[in-house]
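Asker: Kindly generate the corresponding structure for this input.
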Amino acid sequence: MKKAFIQLHIAVFLAGFTAVLGRLIALNEGLLVWYRLLITVAVLAVMLYFKNEFKKHSSRDLLRMAGVGGIIAFHWVTFYGSVKYGNISVALVCLSAAGFFSALLEPLLFSKKIVFVELLLGLMAIAGIYIIFDFHPQFKIGIAYGILAALGAAIFPMLNKQLVKEFSPRTLTFYELGGGLLILTLLLPFYLKMAPAAYYIPTFSDLGWLLILAVLCTVVCFDLQLKALQKISPFTSNLMYNLEPLYGIVLAFIFFGEGQSFHNEFYFGVLLIMLAVVLQTFRLVRGKR
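Answerer: So this is what the prediction gives:
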């Protein structure tokens, strides 16, 4: 059990580290995600080949998985757009809006009853983001990207919930990210027209960070989480992932000195968001008991 908790903590830390890598990689956010998907899909293809895990799937199943992959690509592009047009802290704080979108969209998409407590806690997180936006207008584009990233983060698990029951995790990840790569390849020229890139081929430095992002923070992170879930419940895993923004913001403050660019209102907004997360966590724990 102890080993599983260590594996999960490392996975959460690596997930928080992806935002730092988004700042270190100078590529345009669309190209960054395209290269991340390309490297990750190539690594997963090699793994599946040598483990003899490739299986045939119907066109309908492939389309379903590819559609979810498109949502992942959308989430990643907007998340790294938030990092680049705002900063790491802004991008991670905005992700907290995913709770609000989940509370609002899940009942609409799946004909479930609205849980007003969850909606209220989601609105508390939105209020925290509004306070940050109101007092830090220089981050408005980054915050807009961050809100879209939160929307993608909320939709992805809703659509992925059924697929996880039908396919093995590694196979599902391969086809989802492969679909995301294909969709992004088709849409990238249009995106680059709206948000032109300074350059298109990764520098030596970019390539090194991209390999860490794709191999360590995607493939290895995913594998560690799967191994941990063999001993730890998904509920505990979800609670632990609340630490992801905290890890990322601490790293941003340490390595990039981002704390110097914020007024007191930023910390008040973050406090409001963290309060919403703590209350939701407490509520989930009581419900589980």
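
Asker: how far is stretch 207-218 from where the chain is centred?
Answerer: 15 Å (Cα atoms, centre = their mean, to the nearest Å).

Asker: Stretch 38-54 now?
Answerer: From the chain centre to the centre of stretch 38-54 is a distance of 22 Å (Cα atoms, centre = their mean).

Asker: Now it: buried residues?
Answerer: By neighbour count on 16 or more other Cβ atoms under 10 Å, the buried set for stretch 38-54 is 38-41, 43-44, 48. To be clear about C-beta, it is placed using only N, CA and C from the backbone, and glycine gets the same treatment.

Asker: Let me see the ranges of the helices in the stretch 101-250 of the chain.
Answerer: Ranges of helices within the stretch 101-250 of the chain are 116-135, 140-166, 169-194, 204-211, 221-229, 234-240, 244-256, based on DSSP state H, counting those that start in this stretch.

Asker: what comes up buried for the longest one?
Answerer: Same thing as helix 140-166. The neighbour-count check on helix 140-166 (16+ other Cβ under 10 Å) flags 142-156, 158-160, 163 as buried.

Asker: just stretch 53-69 next, same as before
Answerer: 64-66, 68-69.

Asker: re earlier: quick one, which of the helices of the stretch 101-250 of the chain gets closest to Ala15.
Answerer: helix 244-256 (4.9 Å; Cβ to Cβ).

Asker: and after the closest one, which helix or strand comes next?
Answerer: Sequence-wise, the next helix or strand downstream of helix 244-256 (DSSP states H and E) is helix 264-288.

Asker: so Leu37 sits right up against Glu176, yeah?
Answerer: No: in terms of Cβ atoms under 8 Å, Leu37 does not count as a neighbour of Glu176; the distance is 10.1 Å.

Asker: joint contacts of these two?
Answerer: Overlap of the contact sets of Leu37 and Glu176 (by Cβ atoms under 8 Å, 6 or more residues apart in numbering) is empty.

Asker: Centroid-wise, who is the farthest residue in this structure?
Answerer: For the chain, the residue at maximal distance from the C-alpha centroid (Cα atoms, centre = their mean) is Asn52, at 29.0 Å.

Asker: Regarding that residue, what is its secondary structure?
Answerer: Look at Asn52: counting by DSSP: H, G, I helix; E, B strand; the rest coil, its state is coil.
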